[in-house]
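> Fold the following for me, if possible:
(one chain, ligands or ions: 1)
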Amino acid sequence: MTYECISVAREDRVGIVTLNRPKILNALNLQLVSELVHELERLDNDPDIGAILLTGGDKAFAAGADINEMAEASAIEIMKRDQFAVWDRISRISKPIVGAVSGFALGGGCELMMNCDIVIASETAVIGQPEIKLGVMPGAGGTQRLVRAVGLRKAMEMLLTGEPISAQEALRCGLVNRVVPVEAYFREALKLAKQIAAQPPLAVQVIKKAALKAEDLPLQDGMDYERNGFYLLLASEDRREGMQAFLEKRKPRFTGN
Ligand code: HXC
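Presented below is the predicted three-dimensional model:
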């Protein structure tokens, strides 16, 4: 499939996906989101890929859903598009997604960022959910994931004023992992993605899934879920290799089996 709204590249075991509609600040039209999901699922199924890096441009990660596409559409038309079904597939990607976020991450852009498992932000990042200013509200998880990420009070302020926060503030409230100069955010994120991509693939996926369950499950159910994953990994060849390599004081060679 050839893409018009994203570009793709690969470095070592990292699949790099770049949102690519710079003239309109990577506004997320239906085509972009469908290309993005297609590529994420392709990378998820590629055994040579261990982690995914998702980025935009220095000026904008993404300035939200494409307002041109929504402005004239009726509620029924938008409901029939069922555009959020495709967003739900992003949250089912099993490999870790590292976000490299610079400039505007607004509305759907912030929601997309929150679908990343780890986020490296540039100090120019401007992050928020401005939908209220358009008379609407977030539709791809903004009210739910933001509350989980930063707590009810902070989320409520952001959602009800529509005012964005700076990268430093996002760092303080746990919305991003690290803030670095704009020249460095992509490099830092790629380094991190490569580090994760070199880990045993099965353990990476089982850990990601278990950690995400912590947001949904009561503690004891989460603990039971974790334990099943723990036993499952004990059956893997990579577990044997990892422990053997430790005892033989050599580097492990993981195969994903
Ligand atoms: C369509 C957009 C856009 C968007 C920017 N542009 N954001 N087009 N949809 N979300 C376009 C502008 O129209 C303009 O096109 C060009 O990008 C550059 O933007 P400017 O406004 O000239 O740049 P600047 O003055 O730097 O302001 C940047 C900005 C502002 C603060 C990000 O563009 C802005 O407020 N954008 C809207 C942000 C927003 O409300 N997002 C939430 C959308 S709703 P031209 O042709 O004039 O050069 C949403 C719902 C999510 O996301 C539901 C789940 C999918």
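> Is residue 54 within a helix or a strand, and which one?
Taking DSSP states H and E as the definition, one finds residue 54 inside strand 51-55.
> what's next to that strand, contact-wise?
Residues from elsewhere that reach strand 51-55, judged by C-beta atoms under 8 Å, 6 or more residues apart in numbering: 13-19, 40, 43-44, 61, 93, 95-102, 112, 116, 186, 189-190, 193-194, 196-197, 204. Any C-beta I mention is one placed from the backbone N, CA and C, and that applies to glycine too.
> Just these: which are in helices?
40, 43, 44, 112, 186, 189, 190, 193, 194, 196, 197, 204 (DSSP state H).
> So what's the residue count around the first one?
For residue 40, the neighbour count with other C-beta atoms under 10 Å is 22.
> residue contacts, the closest residue to it other than its chain neighbours?
Nearest in space to residue 40, with sequence neighbours left out and distances taken as C-beta to C-beta, 6 or more residues apart in numbering, is residue 93 at 5.1 Å. For residue 93, the residues meeting the contact criterion (C-beta under 8 Å, 6+ apart) are 40, 41, 44, 52.
> For those, work out which two are farthest apart.
The span of those, defined through C-beta to C-beta, is set by 41 and 52 at 10.6 Å.
> These two: who's more crowded?
It is residue 52, of residue 41 and residue 52, that has more neighbours when counted by other C-beta under 10 Å, with 24 against 14.
> who's the more buried one bridged to?
When bridges are taken as DSSP bridges, the partners of residue 52 come out as residue 15, residue 97.
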